[in-house]
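# Predicted structure and sequence below. I'll ask about it afterward.
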Protein chains: 2
Amino acid sequence: MLYPNGLKKTYNKIITHKNRGMSLEEDINESNTYYLTRDIGIIYKKPVPITIAKVDFKSRQEAVIKEAYFKTPSTTDYNGIYKGKYIDFDAKECHSKTAFPLSNVHAHQIKHLENIVNHGGIAFLIVRFTLLNETYYLKAEDLIDFTKKNSRKSIPITFFREKATLIPVKIFPRIDYLKIIDNLYF
Amino acid sequence: MLYPNGLKKTYNKIITHKNRGMSLEEDINESNTYYLTRDIGIIYKKPVPITIAKVDFKSRQEAVIKEAYFKTPSTTDYNGIYKGKYIDFDAKECHSKTAFPLSNVHAHQIKHLENIVNHGGIAFLIVRFTLLNETYYLKAEDLIDFTKKNSRKSIPITFFREKATLIPVKIFPRIDYLKIIDNLYF
């Protein structure tokens, strides 16, 4: 079944999570909590962007949104600060074993990541090849470079294996991406 | 009429805007667009945090949220990057002529701003005294200092006039807070 642009992820989040293993998003949220509680870094997931059309004020205590629509995000899902640097990234699960479809990333998200790099921030994607159980840290610079040099609609797994950094999945934190940043930038 | 914590702002946003002058939020959003289109800084307002309870998938094209609830924000409304620095702030309108009630800022938001400062970011509040037509840039450090040294439940306007920076309201951008940051940090 097909969903409108960007909604499949949200749909999964709401409806089907309880019956599955840990998603990449859950892994990252847990890692962010780990970083936050230990005062290592301050990184949050942004709320899902919506347009609110109708709100019922049942009582002083409770307002209920009765009609709202998902909006296409203008930026990425996660941002924050680590060692004084601005951090910005998105996380994507990929169900192919051979390539990451670029339809997963909106053109304006790539532009956003490029802007962040140009302004001195650290920008990247975390991509999990679910069926391979491989999770990669892909620098925004390499993503942008790929899209500029290729007309392909997907990034082959070989590109990740050569250019990106494999993030070992640990117990605590599960996705220690700040350690990758330490190795790349500090 | 009283609304539950933090909801009045949202309610205003949805329902009553069309009939009023420009709100502080609109001024800031327009300034952020100005900064973004001129590649000066990349600062966005975060979406309103909600908990989604029910979604209808009418068709492939359209998903409608039929039930959702406002959540108390864990952080601030705005963040981004300027000259390589992480920027984090919240914006508040105040309808008193004499003092800014601290009930406008959640304790965890103050804690968040303090964390940002400790990690090397630039954190602040933009407070507009609507009836005085005065808009201030208040450094998070001064806000935190005030809350630690005082048991008062509001910050008097005299504190703003002494410690904070008055932001002149211009035509374009209307709230040039990055210029204040230039003067304070660069």
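Structure's in. What do you need? Numbering: from 1, shown residues only, chains lettered A, B, ... in the order given.

# wait, does the longest strand along chain A contact chain B?
The longest strand of chain A (DSSP state E) is strand A:85-94. Yes - contact of strand A:85-94 with chain B (CB under 8 Å from any CB of the partner chain) involves A:Lys85, A:Tyr86, A:Asp88. Every C-beta, even on glycine, is put in place using the N, C-alpha and C of the backbone.

# Show me which parts of the next helix or strand after that strand are buried, residue by residue.
Next helix or strand after strand A:85-94 toward the C-terminus (DSSP states H and E): strand A:99-101. Of all the residues in strand A:99-101, those buried under the rule 16 or more other CB atoms under 10 Å in any protein chain shown are A:Ala99, A:Phe100.

# just stretch A:146-155 next, same as before
In stretch A:146-155, counting by 16+ other CB under 10 Å, buried: A:Phe146, A:Thr147, A:Ser154, A:Ile155.

# now do stretch A:75-89
Neighbour-count burial for stretch A:75-89 [16+ other CB under 10 Å]: A:75-82, A:85-89.

# of these, closest to A:Leu132?
Of all the buried residues of stretch A:75-89, A:Leu132 sits closest to A:Phe89, with 20.4 Å by CB to CB.

# For that closest one, give its distance to A:Leu113.
The spacing between A:Phe89 and A:Leu113, counted by CB to CB, to the nearest Å, is 8 Å.

# who touches both of those two?
Counting by CB atoms under 8 Å, 6 or more residues apart in numbering or on different chains, the contacts common to A:Phe89 and A:Leu113 are A:Thr76, A:Ala123, A:Phe124, A:Leu125.

# show me the contacts for the spatially closest residue to A:Tyr35 that is not a sequence neighbour.
Closest residue in space to A:Tyr35, ignoring its immediate chain neighbours: A:Gly41 at 4.3 Å, by CB to CB, 6 or more residues apart in numbering or on different chains. Residues near A:Gly41 by CB under 8 Å, 6+ apart: A:Tyr35, A:Gly80, A:Ile81, A:Tyr82, A:Lys83, A:Ile87, A:Leu178, B:His119.

# Now, the residues you listed that are in helices?
Per DSSP state H, helices hold the following members of these: A:Tyr35, A:Leu178.

# Tell me the one among the contacts of A:Gly41 nearest to A:Lys71.
So of the contacts of A:Gly41, ranked by how close each gets to A:Lys71 (CB to CB), first place is A:Gly80, at 21.7 Å.

# In helices, which of the buried residues of stretch A:146-155 fall?
When DSSP H defines the helices, the subset of the buried residues of stretch A:146-155 inside them is A:Phe146, A:Thr147.

# Next, the residue lying farthest from the centre of chain A: secondary structure please.
Each residue of chain A has a distance to the centre, and by CA atoms, centre = their mean the biggest one is for A:Ser59: 36.7 Å. Under DSSP: H, G, I helix; E, B strand; the rest coil, A:Ser59 falls in the coil class.

# Quick check: closest non-adjacent residue to A:Cys94.
Nearest one to A:Cys94, counting by CB to CB, 6+ apart, is A:Phe100 at 4.7 Å.

# Helices along chain A, start to end?
Along chain A, counting by DSSP H, helices occupy A:7-11, A:24-37, A:107-118, A:140-149, A:157-163, A:177-185.

# These: which one's closest to A:His95?
Closest among the helices of chain A, using CB to CB: helix A:7-11, at 10.8 Å.

# quick one: average pLDDT of the closest one?
For helix A:7-11, the mean per-residue pLDDT is 45.

# Say whether chain B is contacted by stretch A:59-70.
Yes - using CB under 8 Å from any CB, stretch A:59-70 reaches chain B at A:Arg60, A:Gln61, A:Glu62, A:Ala63, A:Val64, A:Ile65, A:Lys66, A:Glu67, A:Ala68, A:Tyr69, A:Phe70.

# Filter those residues down to the ones in strands?
Residues of the residues of stretch A:59-70 next to chain B located in strands (DSSP E): A:Ala63, A:Val64, A:Ile65, A:Lys66, A:Glu67, A:Ala68, A:Tyr69, A:Phe70.
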